[in-house]
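Colleague: I would like to see how this sequence folds:
(2 chains)
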Amino acid sequence: MPLLTKERAVVEDRWTLLPETAALGDVPAGSAIVPLRLWLASRDGFAARTDIGVWLKPDDDPEALTDDISRLPLIAVAFPQFGDGRGYSSARLLREKYQFRGELRAIGQILRDQLYYLWQCGFDTFALQPGRNVAEALAAFGDFSDNYQATAVQPLPLFRRRLLSATGGDWLPPTESARR
Amino acid sequence: MYQYDHYDQRLVDERVAQFRDQTRRFLAGELSEDEFRPLRLRNGLYIQKYAPMLRISIPYGLLSSTQLRKLAHIGRKYDRGYGHFTTRQNIQFNWPRLEDVPEILADLATVQMHAIQTSGNCVRNITSDHFAGIAADEIVDPLPYSELVRQWASFHPEFSYLPRKFKIALSGSATDRAATLVHDIGVHALRNETGEIGFRILVGGGLGRTPVIGHVIRDFLPREEILNYLDAILRVYNRFGRRDNIYKARIKILVKEMTLEVFTHHVETEWQRIRGGPATVPDEEIERLASFFTAPAYEHLPGDDAGFRAAVADNRAFANWAKRNVFAHKVPGYAAVTLSLKKTGVPPGDATSDQMDAVADLADAYSFGEIRVSHEQNLIFAHVRQAALLALWHELKGLGFATPNIGLLTDIICCPGGDFCSLANAKSIPIAEAIQRRFDDLDYLHDIGEINLNISGCMNACGHHHVGNIGVLGVDKNGAEWYQVSIGGDQGEHASLGKVIGPSFAAREMPDVVARLIDTYIERREADEPFIDTVRRIGIEPFKERVYAAAH
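Modeller: Got it, this is the predicted structure:
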């Protein structure tokens, strides 16, 4: 499966994604993303491992990971259908409320036309649905050059940056600050 | 009115390019119908009964003459020479070709217009008071805040795939002319006891299958917090709103199932977390936006125009029009004029491209080049010198836009219905026309007085039938078109939902049914009591008896 990054690259995916029904015995030796249910049931057992990530269903509350946020290297948020937008809020909460700094990954029905919004909500990597045109998907990060709103990528809403530029304040074009 | 800067223009241009590419990929077979549908819908494009339908946004109902000419041009070039103004201050074209839509959007972008989020499960066009800025009872002009909310709602990364559509309306007057109580969120701009501007926030109103009057969730929100609070409401809705059943997916159902108390708790908790954050609106931004909605260069006039008064006294037809279609203005010597798009024989809200061009010229000559669209599907010139009203009336008569029926029985709100819409159970335009024909006596119409009659061709309630003093809903009975009638609905600050009077009627019965409702009112009314007050005082029974007694 092609894994896209917000740096507009295609990278090799070194993580094994375990299904919702996975049990502890299914967890491989290498990097693995386990469902929240399994994580909560076995978190102490994973204490020694730094290569376990967790994935959330749309209705899983990110709050369940409050105590683990700083130790998790990766959290994935599932989009079973691209039209189910709950994961956008999960991402923002993980980034802004729970201050998650690890890799945030979008999984499920991830298509070209949602990539820009996913990125703005704080996702770093995107498990593009197999069989899709990767070059076209990478172009999606350039669909828009800016947002009116504060986003995970650009924490100042446009109106604040307008004011800064009008008053000659210290301001970089949004695409520049996004890349920093 | 608001003028795009290079940021706004670039975003709209990028949206055009994005949709052009999406359309190309769909036509090339790279996007499936299921994948393309939500993308085209959020650009206003439906696939309708006979052809695609394109809904173009008119933010809070404000248009320049240049923009209206562009709409006329689009109607002529890509459609059949007319457009339909909707109940949410948008305009729809019923016959564009899918292949042409990217080009239409590019044309619109040249005059700072677009079709962004006029459909789909996202925040829709922000609507407001068509008399904003000129009404004497206005507390706060809602338009700068409407533009603020429009920008916040546009391409919101987090809220672009909501459980269902989401409608926000703003009002800043004692009289609610924006139907804020039947929106997902209603925002009332007001001042607190110390004179600070803020908002009363209502949530969970709406029409459709389950009509609900909105609930106050916060009595006073400091104005700088508006976007944080909207983010909080939308986040709670996006996370917890139902996605298993589209008929239960609106925020009103969430509020009901969660209870207002619990919903409010979630929103307030989230708001407290983000309060004062980056989306807090600085005064400078509000001032920047307000600078676009300043009063035009009115002349200093001493007061009501003597010539206008004399013409009213002299000319009964003009007086009738002045009484119904002219609205008092807060500036001495000025008035607002409603152009009635409710002439009998013309589908309510329709205007031809030629008429649009003519209206644009008149707007330049009489109203500082500005046109407004009301949710009652009429057009408004908001800044007309009283001294020019007689001349304007003559011009509007020539155009067919001077029917003196604003707020009267024939000023019918009506969806496109079964003639155009693939969702409709029944036609609505012919019902409107039959009722207009029955009530063609102007004296009688004026004697009946203030009343609104709203017609929807299906449960989705685009014709706002629930809040019509008389509401008509098209229903399907074994493949035949029938009409259910309700009375007692009302829009505005005293919004209420109509009650169904009984079994539905065939189309041919509808003018008689309405006539019997009106007869009952005429007999039972006291003094100057309008229809709705009579219904509230005596209840629906006397009306019901009269209608069904005659029918059997």
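Colleague: now for the nearest residue to B:Gly489 once chain neighbours are set aside: which residues touch it?
Modeller: Counting by C-beta to C-beta, 6 or more residues apart in numbering or on different chains, the nearest residue to B:Gly489 once its immediate chain neighbours are dropped is B:Gly498, at 3.1 Å. The C-beta positions use only the backbone N, C-alpha and C, and glycine is treated the same way. B:Gly498 makes contact with B:465-471, B:486-489, according to C-beta atoms under 8 Å, 6 or more residues apart in numbering or on different chains.
Colleague: just give me the neighbour total for B:Ile538.
Modeller: 15 (other C-beta atoms under 10 Å in any protein chain shown).
Colleague: isn't it right up against B:Glu523?
Modeller: No - shown here, B:Ile538 and B:Glu523 do not form a contact pair, counting by C-beta atoms under 8 Å, at 10.5 Å.
Colleague: up against chain B, what does chain A have?
Modeller: A:82-86, A:88-90, A:92, A:96-97, A:111, A:113-114, A:116-118, A:120-121, A:133, A:136, A:143-151, A:155-160, A:162-163 (C-beta under 8 Å from any C-beta of the partner chain).
Colleague: quick one, longest helix in the chain?
Modeller: No chain in the question, so chain A it is. Ordering each helix of chain A by length in residues (DSSP state H) puts helix A:158-166 first.
Colleague: chain B was what I was after
Modeller: As assigned by DSSP H, the longest helix anywhere in chain B is helix B:6-27.
Colleague: now the chain, which segments are flagged as low pLDDT?
Modeller: Looking at chain A here, since you left the chain open. A:168-180 (pLDDT under 70).
Colleague: the intended chain is chain B.
Modeller: B:49-50, B:551-552.
Colleague: now with 90?
Modeller: Low-confidence segments of chain B, defined by pLDDT under 90: B:47-52, B:94-95, B:209, B:419-423, B:478, B:550-552.
Colleague: A:Asp13 against A:Met1, yeah?
Modeller: Yes - the pair A:Asp13 / A:Met1 is scored as a contact, 6.3 Å apart, by C-beta under 8 Å.
Colleague: who's more crowded, those two?
Modeller: Between A:Asp13 and A:Met1, counted using other C-beta under 10 Å, the more crowded position is A:Asp13 (14 against 11).
Colleague: so what's the residue count around the residue in chain A positioned nearest to chain B?
Modeller: Using C-beta to the nearest C-beta, the closest approach of chain A to chain B is made by A:Gly85 at 2.8 Å. Number of residues near A:Gly85 (other C-beta under 10 Å) recorded here: 27.
Colleague: now the helices for chain A?
Modeller: A:36-42, A:86-92, A:115-120, A:134-139, A:158-166, A:174-179.
Colleague: looking at those, which is closest to B:Tyr145?
Modeller: helix A:158-166 (12.7 Å; C-beta to C-beta).
Colleague: middle-most residue in chain B, spatially?
Modeller: The centroid of chain B falls nearest to B:His375 when counting by C-alpha atoms, centre = their mean (2.5 Å).
Colleague: how close does the nearest residue to that one once chain neighbours are set aside get to A:Asn133?
Modeller: Distance criterion C-beta to C-beta, 6+ apart; nearest residue to B:His375, sequence neighbours excluded, is B:Thr87 at 5.1 Å. B:Thr87 sits 41 Å away from A:Asn133, going by C-beta to C-beta, to the nearest Å.
Colleague: likewise B:Gly449?
Modeller: Applying C-beta to C-beta to B:Gly449 and A:Asn133 gives a distance of 63 Å.
Colleague: just the helices in the stretch 401-550 of chain B please.
Modeller: B:429-438, B:442-448, B:510-524, B:531-538, B:541-551 (DSSP state H, counting those that start in this stretch).
Colleague: off-centre distance for the second one?
Modeller: Helix B:442-448 has its average C-alpha position 26 Å from the chain's average C-alpha position, going by C-alpha atoms, centre = their mean, to the nearest Å.
Colleague: can I get it as PDB, trimmed to CA atoms?
Modeller: Output of helix B:442-448 as PDB, limited to C-alpha atoms (Å, rounded to 0.1, in the frame of the first residue of the first chain):
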ATOM      1  CA  LEU B 442     -56.200  43.000  -5.200                       C
ATOM      2  CA  ASP B 443     -58.600  44.700  -2.900                       C
ATOM      3  CA  TYR B 444     -59.500  41.400  -1.400                       C
ATOM      4  CA  LEU B 445     -55.900  40.400  -1.100                       C
ATOM      5  CA  HIS B 446     -55.100  43.600   0.800                       C
ATOM      6  CA  ASP B 447     -58.100  43.100   3.000                       C
ATOM      7  CA  ILE B 448     -56.900  39.600   4.000                       C
END
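Colleague: from the stretch 51-200 of chain B, which residue is nearest to chain A?
Modeller: For the stretch 51-200 of chain B, C-beta to the nearest C-beta, closest residue to chain A: B:Tyr161, 2.8 Å.
Colleague: in which helix or strand would I find that residue?
Modeller: Using DSSP states H and E, B:Tyr161 is not contained in any helix or strand.
Colleague: returning to that earlier point: three-state assignment of the residue nearest to the centre of chain B?
Modeller: Three-state assignment for B:His375 (DSSP: H, G, I helix; E, B strand; the rest coil): coil.
Colleague: picking up where we left off before, got the contact list for the residue of chain A closest to chain B?
Modeller: Applying C-beta under 8 Å, 6+ apart to A:Gly85 gives the contacts B:121, B:158-163, B:238.
Colleague: okay, now A:Pro130: neighbour count?
Modeller: Neighbours of A:Pro130 (other C-beta under 10 Å): 7.
Colleague: hmm, who's touching stretch B:400-411?
Modeller: By C-beta under 8 Å, 6+ apart, stretch B:400-411 touches B:317, B:320-321, B:323-325, B:338-344, B:346, B:355, B:359, B:376, B:378-379, B:393, B:396, B:435-436, B:439, B:442, B:445-446, B:448-453, B:514, B:518.
Colleague: any buried residues in it, and which?
Modeller: B:400-406, B:408-411 (16 or more other C-beta atoms under 10 Å in any protein chain shown).
Colleague: if we can go back for a sec, and the residues of chain A next to chain B, which are buried?
Modeller: For the residues of chain A next to chain B, buried by 16+ other C-beta under 10 Å: A:82-86, A:88-90, A:92, A:96, A:111, A:113-114, A:116-118, A:120-121, A:143-144, A:146-151, A:156-160, A:162-163.
Colleague: rewinding a little: turn the contacts of A:Gly85 into a markdown table, including distance to B:Ser57 and neighbour count.
Modeller: Listed next are these as a markdown table, based on distance: C-beta to C-beta, whole Å; neighbours: other C-beta atoms under 10 Å in any protein chain shown:
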| residue | distance to B:Ser57 | neighbour count |
| --- | --- | --- |
| B:Asn121 | 16 | 23 |
| B:Glu158 | 21 | 25 |
| B:Phe159 | 17 | 24 |
| B:Ser160 | 16 | 25 |
| B:Tyr161 | 19 | 23 |
| B:Leu162 | 17 | 26 |
| B:Pro163 | 22 | 26 |
| B:Asn238 | 22 | 25 |
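Colleague: please see if the longest helix of chain B touches chain A.
Modeller: Yes - contact of helix B:6-27 with chain A (C-beta under 8 Å from any C-beta) involves B:7, B:10-11, B:14-15, B:18, B:22, B:25.
Colleague: strands of chain A, start to end?
Modeller: Along chain A, counting by DSSP state E, strands occupy A:3-5, A:10-11, A:16-17, A:32-35, A:52-56, A:74-79, A:103-110, A:125-128.
Colleague: and B:Ala480, how far from B:Asp512?
Modeller: According to C-beta to C-beta, B:Ala480 and B:Asp512 sit 18 Å apart.
Colleague: more neighbours, those two?
Modeller: Set side by side, B:Ala480 and B:Asp512 show more neighbours around B:Asp512, with 15 against 11, by other C-beta under 10 Å.
Colleague: one step back: now mean neighbour count too, for the strands of chain A, in JSON lines please.
Modeller: Below are the strands of chain A laid out as JSON lines (neighbours: other C-beta atoms under 10 Å in any protein chain shown):
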{"stretch": "strand A:3-5", "mean neighbour count": "21"}
{"stretch": "strand A:10-11", "mean neighbour count": "12"}
{"stretch": "strand A:16-17", "mean neighbour count": "18"}
{"stretch": "strand A:32-35", "mean neighbour count": "23"}
{"stretch": "strand A:52-56", "mean neighbour count": "24"}
{"stretch": "strand A:74-79", "mean neighbour count": "24"}
{"stretch": "strand A:103-110", "mean neighbour count": "22"}
{"stretch": "strand A:125-128", "mean neighbour count": "23"}
